[in-house]
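Novice: Please work out how this folds:
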Amino acid sequence: MKSLYDVPAPAKLNLFLHITGRRADGYHLLQSVFMLIDWCDTLHFEVRPDGRITRQDLTDNLPHDDLIVRAARALQTLTQCRLGADVSVEKRIPAQAGMGGGSSDAASSLLALNRLWKLNLPLSQLAKVGIQLGADVPFFLGGDNAWVEGIGDRLAPLELPPARFVVAKPPTGVETASIFASPDLKRDTNPATILGFAEHPYGFGHNDLQPVALRQCPQIAQALGWLGSLGLNGRMTGSGSAVFAQTLDDMDLRSAPGTWHVRSCSNLAAHPLRGWASSDS
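Specialist: All right, here's what the predicted structure looks like:
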């Protein structure tokens, strides 16, 4: 195998995000559900014999040393692999959205290069590489929608009913660190249960980061207002500026400002690359 083309890297939505406490080391304790959606970046890989890692940006320009490049180098270091890769990227998931685009790109890169370089590492080994790149990378490697707890490190597979969503991301982003550092952040939400969530999965809970983010990024309020104008009850996903709402039908989204990223999406039952690495430890 010399190449892999059209490798998907799907985005995720946080259906809710509760902060339930804070550890002595400053890390926040949270509960959330991460749900995969069909808004994807697309990656293309070709083997290089000289060990070099190159990246070509086919759409938006990415940082020079982005998570795709770092994932490839980390995999080389772990395995002492002497092969390299030319990676081409069709970037569609917006940055600073709270949708995990960079982490998803890293996970798909690990899965693709593990296969392309014939390394045969199991998921447990790839996850050890992934967690060093970003907290969300192990989720995208795992292949399932997930109930998330702890500091984001405890994931349990979760089945979700099929649904449609409108997702909107205004141009302005928001800094995750500044939200979590805010003294106004609510950090004592009562713990939820999976059973309680399952009764109403797409209307359950709230995002504890949203009130602070609204003060730091007024465009989030504008995006929520736009969803409201469509008769939808929206909320923020993760710690980014993207907002989303469930919808029963495809809607006319042309009233959104032209500078926004807006899509109608479906959730995914599983990651499209699930099974690309063995689950054996």
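Novice: Please count neighbours and contacts with C-alpha atoms only from this point.
Specialist: Noted.
Novice: what ranges do the helices span in the stretch 151-281 of the chain?
Specialist: Along the stretch 151-281 of the chain, counting by DSSP state H, counting those that start in this stretch, helices occupy 176-181, 194-199, 210-216, 218-229.
Novice: what about Arg92, is that helix, strand or coil?
Specialist: Following DSSP: H, G, I helix; E, B strand; the rest coil, we place Arg92 in the coil state.
Novice: was I right about it contacting Asp57?
Specialist: No: applying C-alpha atoms under 8 Å, one finds Arg92 not in contact with Asp57, separated by 11.2 Å.
Novice: need the helices of the stretch 151-281 of the chain in JSON lines with mean neighbour count and distance to Gly102, can you?
Specialist: As requested, those are exported to JSON lines (neighbours: other C-alpha atoms under 10 Å; distance: least, C-alpha to C-alpha, whole Å):
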{"stretch": "helix 176-181", "mean neighbour count": "15", "distance to Gly102": "14"}
{"stretch": "helix 194-199", "mean neighbour count": "12", "distance to Gly102": "28"}
{"stretch": "helix 210-216", "mean neighbour count": "18", "distance to Gly102": "20"}
{"stretch": "helix 218-229", "mean neighbour count": "18", "distance to Gly102": "21"}
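Novice: Least reliable of those helices by average pLDDT, please.
Specialist: Mean pLDDT per stretch puts helix 176-181 lowest among those, at a mean of 92.
Novice: Other residues contacting that helix?
Specialist: 185, 209, 212-213, 239-240 (C-alpha atoms under 8 Å, 6 or more residues apart in numbering).
Novice: from the residues you listed, which is closest to Ala127?
Specialist: Nearest to Ala127 among the contacts of helix 176-181, counting by C-alpha to C-alpha, is Ser239 at 22.4 Å.
Novice: re the thing from before, name the residue in Arg92 and Asp57 with the higher neighbour count.
Specialist: Neighbours per residue (other C-alpha atoms under 10 Å) separate Arg92 from Asp57, with Arg92 holding more: 17 against 14.
Novice: Nearest residue to the middle of the protein?
Specialist: Gly100 (2.2 Å; C-alpha atoms, centre = their mean).
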